[in-house]
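**Q** Here is my input; please provide its structure:
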Amino acid sequence: MFKGLCLNRQATMDAVQKRLFPRRRTRLRPAKLASLTNEYICDCTTRDISAGGLRILLNEDIPLPKEFYVFDVNERTIAEVRLSWRDGLEAGVAYLVPPASISFYENTGVRRLAQRFYAVED
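**A** This is a model prediction of the structure:
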């Protein structure tokens with residue numbers, strides 16, 4: 001039994017060592033997702049933030065593209081990300097372009113994410 005506990009502790013330590021950036025847990029931090037072609041994907045909640053990426057919780061079980069935008073509603077920042085993993089409604093994403101103020105984006109499609117209601121044009 002003691003040997004099993006040591007193996008579990010070692011597996012936990014190995015997993016921690018693989019993390020490149022320390023993560024910071026968030027509480028009810030809303031975000032919006034959009035494709036790189038400015039198509040709205042869904043709303044979500046950011047669960048963890050690190051210098052390398054995010055862990056998000058989707059509001060609905062829909063497919064995600066490999067790369068997309070994440071708009072942080074509270075901070076009013078947008079990041080370009082790559083999907084790293086997915087487990088049900090949870091997903092981990094890595095930054096391709098780190099978060100920056102939405103005001104730096106000239107792309108009007110991306111800037112629409114900052115509006116209270118995001119509408120897709122017909």
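**Q** and stretch 55-73, which residues are buried?
**A** For stretch 55-73, burial by neighbour count (16 or more other Cβ atoms under 10 Å) applies to 55-56, 58, 64, 68-73. Quick note: C-beta positions are derived from backbone N, CA and C, even for glycine.
**Q** ok, residue 28 - contacts?
**A** With contact taken as Cβ atoms under 8 Å, 6 or more residues apart in numbering, residue 28 is in contact with residue 45.
**Q** mind checking how far it is from residue 100?
**A** For residue 28, the distance to residue 100 equals 23 Å [Cβ to Cβ, to the nearest Å].
**Q** same question, residue 75
**A** 10 Å.
**Q** tell me the SS of residue 113?
**A** Each residue gets one of three states, and residue 113 gets helix by DSSP: H, G, I helix; E, B strand; the rest coil.
**Q** Nearest residue to it in space, please, no chain neighbours.
**A** Of all residues not flanking residue 113 in the chain, residue 71 sits nearest, at 4.0 Å (Cβ to Cβ, 6 or more residues apart in numbering).
**Q** Quick one: low-confidence residue ranges for the chain.
**A** 1-27, 116-122 (pLDDT under 70).
**Q** Tell me which residue is most central in it.
**A** With distances taken as Cα atoms, centre = their mean, the residue of the chain nearest its centroid is residue 54 (4.0 Å).
**Q** what helix or strand is that one on?
**A** Residue 54 belongs to strand 53-58 when assigned by DSSP states H and E.
**Q** right, and the helix or strand after that strand?
**A** strand 67-72.
**Q** Run me through the strand neighbours of that next one, direction for each.
**A** Partner strands for strand 67-72, per DSSP bridges, with pairing direction: strand 23-35 (antiparallel), strand 77-87 (antiparallel).
**Q** For residue 74, what are phi and psi?
**A** With angles defined as degrees, to the nearest 10, residue 74 sits at phi -70, psi -50.
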